[in-house]
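Engineer: Turn this into a model:
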Amino acid sequence: MKKDANDNTDVLETKDKKNEAKDGKKEVKDRTTIVVFVGLLIDLLAFTLILPLFPSLIAHYRQNDSSGLFAFLETKVEHFRLLVGAPAEFNTVLFGGLLGSLFSFLQFIASPIIGGLSDRFGRKPLLLASTLGISISYVVWVMSSNFSMFVLARILGGISKGNVSLSTAIVTDVSTPANRGRGMALIGVAFSLGFIVGPMIGAGFSVWSKGQEGDWFVYPAVTALILSIIDIAYIAAFFKESLPEHKRNPSTRATLLQAWMYLDPRALFSFSSLTNLETKDHNDLKKIGLSYFIYLFLYSGMEFTLTFLCHLRFGFTSMQQGRMFLFIGTIMALLQGGVVRRIKQGGEKNAALWGLLVIVPSFAIVGSSWNMYSLYSGLFLYAVSTAFVVPCITTLVSTYGEPHQKGIIIGIFRSLGALGRALGPIFGSFLFWSLGPELSYALGGFLLLVPYYILRNVK
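Structural biologist: Residues are numbered from 1 along each chain as shown. As a prediction, the model looks like this:
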């Protein structure tokens, strides 16, 4: 009997040690997710700070550097404005859209390369390199006394902006299918908070810049640079590598060939280098990727032309535009932090489908609105949909592939989204000025049924 009691004690002690080990691993994983959230939030505060400054920056370079590259691009924007029939007062908005499309196009090129390299060399080295590249872009912005230097800063920033797809891959590394949705929702919360607070800081600099002479942009540029340096130090100190060496892609050559292959959009849409996936999984990935691209293509077109609509129909000032996006961002943050993160495993697809259906009437309501009540009713539905669609589809796509493929898969996924964001504003502007807001928004909402039906066919 004494021996049996000792045996039972040993069993209990062994179970306790196993439970402690599990709890320890869970604590490390949870800490990693929080570290990723904070690091991404710091980065997004710096990244979004510039958004309200585009009109002031373009006006500054028009006055102080109206030759060379600026004059060339302004001529192209003027041709595009005349082509779509937009009034001359919106030249600055179209110019900002051109720069935004350039940034998204560079992300389309860089995301799968950075993701693939992280599958080979680990997440932390690529995350630090990406953040360092972003910091260098801010250094160039600080020194951009002419427009060419400013464009160079945007190019460096676009190429380096792989930390979002890396953050998603890291959450995938440290989560299980059961709690992965919570991590993706947390990334969504970081975006929502970043796009609330960052533009507010930028709006403050925008108001202050009026009447300022000289290179006033140095102050917001230095602020962004300081935030990025803090981000580098934070990642270096607190982030622990999430992809162990034994789970990495063993071949550098194969990784580079795989990454470079995705510079061809056809390979990107077909996920063609992932040859060891089952046929069903490969087909599902292609459907999810196509659905995501079409969604962001149409969504970003509406998002871009919303500025035109609110200015023409309601006479919105820059501050009123800012309050409108604050309203959208706040709803998204509350829903992602309180509802999306609690979606149970397996429910992501249905939540994304529901979100795609909700955005259809939101487009129609916003396009036909003639008072604040109807406008904000449509924007409420728009924010609700946005809060669900991207995190849920991202969670869905993160379930595919082996650990050493997560970086490249999520990199391709982000790249498809970036391509949609690069092309969407051009298409949206054509529709808006050709058909008017009522028809263009109604058509855009109707076309969003296409990604809904594509995603619905994913088993």
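
Engineer: In the stretch 301-450 of the chain, where is pLDDT below threshold?
Structural biologist: Judged by pLDDT under 70, the stretch 301-450 of the chain has its weakly predicted residues at 318.

Engineer: Which residue ranges of it form helices?
Structural biologist: Assigned by DSSP state H, counting those that start in this stretch, the stretch 301-450 of the chain shows helices spanning 318-338, 348-367, 372-397, 406-435, 437-447, 449-456.

Engineer: Can you pull out the residues in contact with the shortest one?
Structural biologist: Contact with helix 449-456 is made by 287-288, 290-292, 294-295, 298, 349, 352-353, 356-357, 360, 393, as judged by C-beta atoms under 8 Å, 6 or more residues apart in numbering. For glycine as for every other residue, the C-beta is placed from the backbone atoms N, C-alpha and C.

Engineer: got the buried residues for it?
Structural biologist: By 16 or more other C-beta atoms under 10 Å, the buried positions in helix 449-456 come out as 451-452, 454-455.

Engineer: try the fourth one
Structural biologist: Neighbour-count burial for helix 406-435, with 16+ other C-beta under 10 Å as criterion, is recorded at 406-433.

Engineer: That helix vs helix 437-447, what angle?
Structural biologist: For helix 406-435 against helix 437-447, the angle by axes from the mean of the first three to the mean of the last three C-alpha atoms, to 10 degrees is 150 degrees.

Engineer: Residue numbering should commence at 342 henceforth.
Structural biologist: Okay, using 342 as the starting number, the last item reads as helix 747-776.

Engineer: Quick one: neighbours of V731, just the number.
Structural biologist: Using other C-beta atoms under 10 Å, V731 is surrounded by 24 other residues.

Engineer: these two touch, right, it and V530?
Structural biologist: No: counting by C-beta atoms under 8 Å, V731 stays clear of V530, with 11.9 Å between them.

Engineer: on that earlier part again, of all the helices of the stretch 642-791 of the chain, which lies closest to A470?
Structural biologist: Ranking the helices of the stretch 642-791 of the chain by proximity to A470 (C-beta to C-beta) places helix 747-776 first, at 13.4 Å.

Engineer: Check the offset of that closest one from the chain's centre.
Structural biologist: 11 Å (C-alpha atoms, centre = their mean, to the nearest Å).

Engineer: Give me the helices and strands touching that helix, please.
Structural biologist: helix 410-425, helix 432-462, helix 504-515, helix 593-602, helix 606-611, helix 620-655, helix 713-738, helix 778-788 (3 or more C-beta pairs under 8 Å, 6 or more residues apart in numbering; DSSP states H and E).

Engineer: Okay, angle between that helix and helix 620-655 too, please.
Structural biologist: Here helix 747-776 runs at an angle of 40 degrees relative to helix 620-655 (the same axes, to 10 degrees).

Engineer: what angle sits between helix 747-776 and helix 689-708?
Structural biologist: Going by the same axes, to 10 degrees, helix 747-776 makes 20 degrees with helix 689-708.

Engineer: sorry, back to before: so which pair among the buried residues of helix 790-797 is furthest apart in space?
Structural biologist: Y793 and I795 (7.4 Å).

Engineer: Could you check how far the residue lying closest to V681 once chain neighbours are set aside is from D625?
Structural biologist: The shortest distance from V681 to any non-neighbouring residue, by C-beta to C-beta, 6 or more residues apart in numbering, is to A526 (4.1 Å). Distance of A526 to D625, given as C-beta to C-beta, to the nearest Å: 22 Å.

Engineer: So which of the two has more stuff around it?
Structural biologist: A526 (26 against 21).

Engineer: Contact partners for the residue sitting nearest the centre point of the chain?
Structural biologist: Central residue of the chain (C-alpha atoms, centre = their mean): V505, 6.6 Å from the mean position. Listed by C-beta under 8 Å, 6+ apart, the contact partners of V505 are 381, 528, 755.

Engineer: how about JSON lines for these, with distance to L609 added?
Structural biologist: Converted to JSON lines, the contacts of V505 look like this (distance: C-beta to C-beta, whole Å):
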{"residue": "L381", "distance to L609": "24"}
{"residue": "I528", "distance to L609": "22"}
{"residue": "R755", "distance to L609": "11"}
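
Engineer: Out of the residues you listed, the closest to V481 would be?
Structural biologist: Closest to V481, out of all of these and judged by C-beta to C-beta, is L381, at 22.4 Å.

Engineer: Could you tell me how many residues sit around that closest one?
Structural biologist: Considering only other C-beta under 10 Å, L381 is surrounded by 25 other residues.

Engineer: pretty sure it contacts N504?
Structural biologist: Yes: L381 lies in contact with N504 (C-beta under 8 Å); the separation is 6.8 Å.

Engineer: list the contacts for the residue nearest to V681?
Structural biologist: 677-678, 681-682, 684, 732.

Engineer: what's the spacing between stretch 597-615 and its chain's center?
Structural biologist: Worked out by C-alpha atoms, centre = their mean, stretch 597-615 lies 20 Å from the chain centre.

Engineer: Residues contacting that stretch, please?
Structural biologist: Residues from elsewhere that reach stretch 597-615, judged by C-beta under 8 Å, 6+ apart: 450, 453-454, 456-458, 618, 623, 626-627, 630-631, 634, 742, 746, 749-750, 752-753, 756-757, 760.

Engineer: what about the stretch 492-641 of the chain, any weak spots by pLDDT?
Structural biologist: Using pLDDT under 70, the stretch 492-641 of the chain drops low at 552-553, 600, 603, 614, 616.

Engineer: if you set the cut-off to 80 instead, what comes out?
Structural biologist: Flagging of the stretch 492-641 of the chain using pLDDT under 80 yields the residue ranges 518-519, 544, 547-555, 590-606, 608, 613-618.

Engineer: just the stretch 342-491 of the chain next, same as before
Structural biologist: Ranges of the stretch 342-491 of the chain meeting pLDDT under 80: 342-371, 406-408.

Engineer: again, 50 this time
Structural biologist: By pLDDT under 50, the low-scoring segments of the stretch 342-491 of the chain are 342-343, 352-353, 355-365.

Engineer: Now do the contacts for L776.
Structural biologist: Neighbour list for L776: L784 [criterion: C-beta under 8 Å, 6+ apart].
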